[in-house]
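1. just need the structure, nothing else, for what follows:
(chains A and B)
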2 protein chains.
Amino acid sequence: MKFKIIENHICAPQGFLASGINAGIRKNPNKPDLAIIYSKIPAISAGVFTTNQVKAAPVLLTQQHIKKNKLQAIVVNSGNANACTGKQGKLHALQMASATAKQLQIDTNKVGVASTGVIGVPLPIKKIVQGISMAASTLTTQSDSAAKAIMTTDLVPKSIAIEFKIAGHRIRIGGIAKGSGMIHPNMATMLGFITTDAAIHPTALQYALSKANDASFNMITVDGDSSTNDMVLVLANGLAKNPKINLKNDPHFKIFYEGLLYVCTALAKQIVQDGEGATKLIEVHVHGGLTQTQAQLAARAVCRSPLVKTAIFGEDANWGRIASALGASGAELNPNLLCIDLGSMPLLKKGIPLPFNESSARKLLMKNKIIVKINLKKGKAKAIAWGCDLTYDYIKINASYRS
Amino acid sequence: MKFKIIENHICAPQGFLASGINAGIRKNPNKPDLAIIYSKIPAISAGVFTTNQVKAAPVLLTQQHIKKNKLQAIVVNSGNANACTGKQGKLHALQMASATAKQLQIDTNKVGVASTGVIGVPLPIKKIVQGISMAASTLTTQSDSAAKAIMTTDLVPKSIAIEFKIAGHRIRIGGIAKGSGMIHPNMATMLGFITTDAAIHPTALQYALSKANDASFNMITVDGDSSTNDMVLVLANGLAKNPKINLKNDPHFKIFYEGLLYVCTALAKQIVQDGEGATKLIEVHVHGGLTQTQAQLAARAVCRSPLVKTAIFGEDANWGRIASALGASGAELNPNLLCIDLGSMPLLKKGIPLPFNESSARKLLMKNKIIVKINLKKGKAKAIAWGCDLTYDYIKINASYRS
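-> Here you go, the predicted structure:
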């Protein structure tokens, strides 16, 4: 299905407003660090959260608030993760929700809270509460700053919006996300916020999000680390007035799911393309997996391997590292039939290395997008994963993140 | 138990000779690239091998030869892994074994073969066969060059020998190893060759090696990648004439095992200390694990995390990344009781961050050896893992390994 890409990301669907302001959490006064996303009416909501056992306070609070499947607002800060902050951290997350609720005159339990940044440092809660008041008073249907306010080491904001029709009704889905290190399943260290005016049953929305997340945000990796703060939330306020989408026996579900997957995949690729220090996007296509899970495992292992990532940074067609990463991935493969192609150039065919033209290979590797195709020759399952190269700048960014 | 450290590594035990020569596999004529280790009499032998599904030809051949638990020689080349080289690769590995056997006048199936270097490139077999002849004719009881001949990106050779007594008999164990990228369980990408003059039953030797490997080579990580060529072999020729060590009900077994573990741990630490681009050794002590496996999992996850590794390179006490790596490791932990210490300085106690002196923390991080202590507060199991920092030089070394 083709989707029309439109402007205005999370504010594109009817009834959504957003804002991003500087609350003084970060030193740079020109960088917005607090965002609010608001729906004029309470919205059916779904979420996926980090599988890390060390969950930040905002994750625990939002998991509680989303149980009733209704949110009307999301408040997000960057610059501080509010993770490993004990009881005080939990109180702070609740204060963020209640301050937002008070400003917007809604129930506290209809507010989702997310934080990203340094771990183990108490939130500057006074500044944040003041910032919430400012952000609530500057909500607009044309917000560029919300996407900027959730960034940490991201170089560019990530956003998208699409439009399509269900039963003659115009449906819009918009999203913003932030990366850009610690990106790895499950579910990639990241924040993602998606809005839609579709009318949908909560079970259908949660199922669609979980499934789309699995094929998009769970298929990207920057450094193999998983964070304490990962979260993707979707709010569906129903203002498009389409016939309510159900999970079972509803032909409209598939259309909606594809739209949501499109948005999640676009954001996932934007995240990995802006991986810390990254110069190249790596896209790994795995065919011939015994199961879907194994195909995903293999594709992610190649994207995650520091040796593959550094070779691609160095524009060196060292495909042996790909074979090695596959063999160690845990996915079953047939070493005597294994095939590896770099773009259109076969390098390993049925387990035998092919002679290849080094300068043609280097030309392929000099591109911004590197496609690797693999056939495990074990079954029929396939998967795509996305990663980025590992560069000097990754080290530079992460050697002194706190300073 | 205390072990006396002695000189002459793999040639320290009685009856062992070794040599290392340049066979012209590598461009640099001053770097030895082929080694032979030889025992005057056939030796009881044991081995552990890569768990990578893509196994190099020499691994497959040595696994076959070691089935009878008797080897008398090992031939090793660096500069070329002979992996992903199809049928030709298997033939080449066999040619290495038979050329060595011919020179030493022993059976081909008593020769272990190992290779390390670039994947997917055919061995220069003529040069290697000539080199084997040269290496066999220069065997000596005082070999420094064998440890050098197995190096790839290693900056320094790794070796050790120890001496102790069993039932009044002097026992010696010597070892050499090579790292230094792709170091990760299971079983760390590396080669290790250990010699001993102890008299020991093959079952006891294999059990001792597997167990010692699990607590040493399997507990180090450089970049989380596992190779196609990993191998640790141990040859025990019995010339110490001690009462033969059995596995069951033999008090001497424990002494021998501790000696072997000492040698494996010393080599493992040397490997990780010389990790590609490494400037610091990281030692992670995990206590309070629910099981031994979980304690190991947690310790290795911290050592493996690119974010922990870059923070230590940057001498930044960003302990939140340690908490995050633990939470994502798969090992159960109690987030509300979790403790993290940097050396003697507690940073997180019972889930609460402690205020700490940044400059004292930096002083600890400026050392060459960084000790991290963790209590998962789930049980009584403990484990130690070793890793190194992630630096600009890791990228430099790996961006163009083949060129």
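
2. next, the buried residues of the biggest strand by length in chain A.
-> Criterion DSSP state E: the longest strand present in chain A is strand A:34-49. Buried residues in strand A:34-49, defined by neighbour count with 16 or more other C-beta atoms under 10 Å in any protein chain shown: A:34-39, A:42-49. C-beta here means a position set from N, CA and C on the backbone, and glycine is covered the same way.

3. again with stretch A:327-336
-> Buried residues in stretch A:327-336 (16+ other C-beta under 10 Å): A:327, A:328, A:329, A:331, A:332, A:333, A:334, A:335.

4. among the residues you listed, which pair sits farthest apart?
-> A:328 and A:334 (15.5 Å; C-beta to C-beta).

5. any residue of the longest strand of chain A touching chain B?
-> No - contact of strand A:34-49 with chain B (C-beta under 8 Å from any C-beta of the partner chain) is absent, the minimum separation being 12.5 Å.

6. how far off centre is that strand?
-> Centroid displacement of strand A:34-49 relative to its chain, using C-alpha atoms, centre = their mean, to the nearest Å, is 16 Å.

7. by proximity to chain B, which residue of the stretch 301-403 of chain A wins?
-> Using C-beta to the nearest C-beta, the single residue of the stretch 301-403 of chain A nearest to chain B is residue A:320, 2.4 Å away.

8. and that residue, how many neighbours?
-> 30 (other C-beta atoms under 10 Å in any protein chain shown).

9. against chain B, how distant is residue A:219?
-> As judged by C-beta to the nearest C-beta, to the nearest Å, residue A:219 and chain B stand 17 Å apart.

10. please apply the same query to residue A:169.
-> 41 Å.

11. is the nearest residue to that residue once chain neighbours are set aside in a helix, a strand, or coil?
-> Nearest non-adjacent residue to residue A:169, counting by C-beta to C-beta, 6 or more residues apart in numbering or on different chains: residue A:242, 3.8 Å away. With DSSP: H, G, I helix; E, B strand; the rest coil as the basis, residue A:242 sits in coil.

12. burial count for residue A:242?
-> Neighbours of residue A:242 (other C-beta under 10 Å): 20.

13. now swap in residue A:251 and tell me
-> Residue A:251 has 9 nearby residues by other C-beta under 10 Å.

14. before we move on, what about residue A:261?
-> 18.

15. secondary structure class for the residue lying closest to residue A:1 once chain neighbours are set aside?
-> Nearest residue to residue A:1, sequence neighbours excluded (C-beta to C-beta, 6+ apart): residue A:258, at 5.2 Å. Secondary structure, three-state DSSP: residue A:258 is helix.

16. wait, doesn't residue A:258 sit right on residue A:166?
-> No - using C-beta atoms under 8 Å, residue A:258 is not in contact with residue A:166, being 11.0 Å away.

17. so between these two, which is more surrounded?
-> Taking neighbours as other C-beta under 10 Å, residue A:258 and residue A:166 compare with residue A:166 leading, 21 against 15.

18. so what's the more buried one up against?
-> A:198, A:240, A:242, A:243, A:245, A:252, A:255, A:256 (C-beta atoms under 8 Å, 6 or more residues apart in numbering or on different chains).

19. how about the helices in the stretch 51-200 of chain A?
-> For the stretch 51-200 of chain A, the helices defined by DSSP state H, counting those that start in this stretch occupy A:57-65, A:86-104, A:125-137, A:145-149.

20. export those to CSV and tack on distance to residue B:14?
-> Listed next are those as CSV, based on distance: least, C-beta to C-beta, whole Å:
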stretch, distance to residue B:14
helix A:57-65, 62
helix A:86-104, 61
helix A:125-137, 71
helix A:145-149, 71
